[in-house]
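A.B. asks: Got a predicted structure plus its sequence, pasted below:
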Amino acid sequence: MVTICLESTRDATLALLENSAKKIGSSISIELMLCDTAWPHFEAGHMTTISSEISKTIRQSIVNKGTPDRIVLAQTSMRVVTNTLGDLGVPTLSSPMLATQKVLAVAASSSGNLKA
């Protein structure tokens with residue numbers, strides 16, 4: 001399940017995921033979920049409310065459609081919900097976490113001069 005808060009990010013998000021899967025020779029089936037009720041709360045700086053709105057939308061989707069293999073939070077602003085979904089038992093991925101993991105992996109495989 002890929003979640004977005006802005007319709008304007010749909011095409012770029014899908015293209016990125018599909019291109020990434022293609023590069024590793026994998027095919028994927030993407031279920032996209034729009035959490036547009038959360039965005040106004042982000043713009044207002046209400047991070048607790050944005051987290052609550054995203055969590056509520058994801059949980060309702062799981063009730064209606066079943067549990068996904070993983071949850072991808074497409075926008076950095078959505079990372080606030082990561083800790084509230086732990087009870088679902090589903091890996092929840094966000095770009096800040098993934099970027100940090102990639103930087104650490106690159107640093108570890110470099111000449112050894114870089115330390116995290």
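C.D. replies: Alright, I've got the coordinates. Only a predicted model underlies this, so the values are computations on that prediction, with no experimental measurement involved.
A.B. asks: for this structure, what helix or strand is lowest in average pLDDT?
C.D. replies: helix 95-109 (a mean of 66; mean pLDDT, DSSP states H and E).
A.B. asks: so how far is whatever helix or strand Ile50 lives in off the chain centroid?
C.D. replies: In this assignment (DSSP states H and E), Ile50 forms part of helix 47-65. Centroid separation for helix 47-65 versus its chain: 13 Å, with CA atoms, centre = their mean, to the nearest Å.
A.B. asks: now do stretch 32-40
C.D. replies: 12 Å.
A.B. asks: and if you look at stretch 32-51?
C.D. replies: Distance, centroid of stretch 32-51 to centroid of chain: 14 Å (CA atoms, centre = their mean).
A.B. asks: Need the contact partners of the helix or strand following the helix holding Ile50.
C.D. replies: Using DSSP H and E, the helix or strand that follows helix 47-65 in sequence is strand 71-73. With contact meaning CB atoms under 8 Å, 6 or more residues apart in numbering, strand 71-73 is reached by 1-3, 17, 54, 58, 79, 81-82, 85, 88, 90-95. Every C-beta, even on glycine, is put in place using the N, C-alpha and C of the backbone.
A.B. asks: redo that, cut-off 7 Å
C.D. replies: Identification of contacts with strand 71-73 by CB atoms under 7 Å, 6 or more residues apart in numbering yields 1-3, 58, 79, 81-82, 85, 90, 92-94.
A.B. asks: That one - what's its average pLDDT?
C.D. replies: For strand 71-73, the mean pLDDT works out to 91.
A.B. asks: That strand pairs with which strands?
C.D. replies: For strand 71-73, the pairing partners within the sheet under DSSP bridges are strand 2-4 (parallel), strand 92-94 (parallel).
A.B. asks: Mean neighbour count and mean pLDDT added to the ones you listed, as TSV?
C.D. replies: Supplementary listing: the strands paired with strand 71-73 in TSV, determined by neighbours: other CB atoms under 10 Å; pLDDT from 0 to 100:
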stretch	mean neighbour count	mean pLDDT
strand 2-4	22	93
strand 92-94	19	86
